[in-house]
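Chemist: Pasting the sequence and the predicted coordinates here, then a few questions.
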Amino acid sequence: MQDDDTLSADGAIWRQTSTFLHAGVIQTVWDSQWWGNFLSRQIRVSAEYLQGLANTPQINTVPQISIGAENDMLFGLMSTGYRLHIGGTKRLASSLELRLMDRKRISLRAHYDAYGSPFLSPRRGVGAGLRFGFYGLQL
């Protein structure tokens, strides 16, 4: 397998990016308007389809199906989610995500992936990460 970061002759770093098809649907199954904003403000379920259009180290052409659920709590300031992945580069994996902050312009998320098991106990390895997003300002 070729390394995805290479240094070209002119000294510039070239990285192959993934081209993929990604489609999904999210449905809110419970939305509390009154008393439950602290423990559970909103519960959503989702299903996603992901398929790479070219084989790269990050994604391949084997399709991946993901199903999951997410629970907003603490008045929408934090949410937890569970997702099951079948197919793709993960083959079988489960993931747990904690969204610490997701306001209009800033997002901070931590996630844990367990490969090879649908029950968050890894059989083929683990993955963890922290994602920070900042969205541009409207003028």
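Modeler: Looks like it arrived, so ask away. Numbering: from 1, shown residues only.

Chemist: which residues touch whichever strand or helix holds residue 82?
Modeler: For residue 82, the element it lies in under DSSP states H and E is strand 78-87. Identification of contacts with strand 78-87 by CB atoms under 8 Å, 6 or more residues apart in numbering yields 46, 62-73, 92-102, 118. Just so you know, the C-beta spots here come from the backbone N, C-alpha and C atoms, and that holds for glycine as well.

Chemist: Are any of these buried, and if so which?
Modeler: 64, 66, 68, 70-73, 92-97, 99 (16 or more other CB atoms under 10 Å).

Chemist: hang on, the earlier thing: in the strand holding residue 82, what counts as buried?
Modeler: In terms of neighbour count (16+ other CB under 10 Å), strand 78-87 has its buried residues at 79, 81, 83, 85, 87.

Chemist: could you dump it to PDB, C-alpha only?
Modeler: C-alpha atoms of strand 78-87 as PDB (Å, rounded to 0.1, in the frame of the first residue of the first chain):
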ATOM      1  CA  MET A  78     -24.300  18.200  25.200                       C
ATOM      2  CA  SER A  79     -25.400  15.000  23.400                       C
ATOM      3  CA  THR A  80     -24.400  11.300  23.400                       C
ATOM      4  CA  GLY A  81     -24.700   9.000  20.500                       C
ATOM      5  CA  TYR A  82     -24.200   5.300  19.500                       C
ATOM      6  CA  ARG A  83     -23.700   4.100  16.000                       C
ATOM      7  CA  LEU A  84     -23.300   0.700  14.400                       C
ATOM      8  CA  HIS A  85     -21.200   0.400  11.200                       C
ATOM      9  CA  ILE A  86     -21.400  -2.600   8.800                       C
ATOM     10  CA  GLY A  87     -19.200  -2.900   5.800                       C
END
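
Chemist: show me where pLDDT drops low in the protein?
Modeler: Scanning the chain for pLDDT under 70 picks out the ranges 1-17, 33-38, 57-58, 76, 102-104, 135-139.
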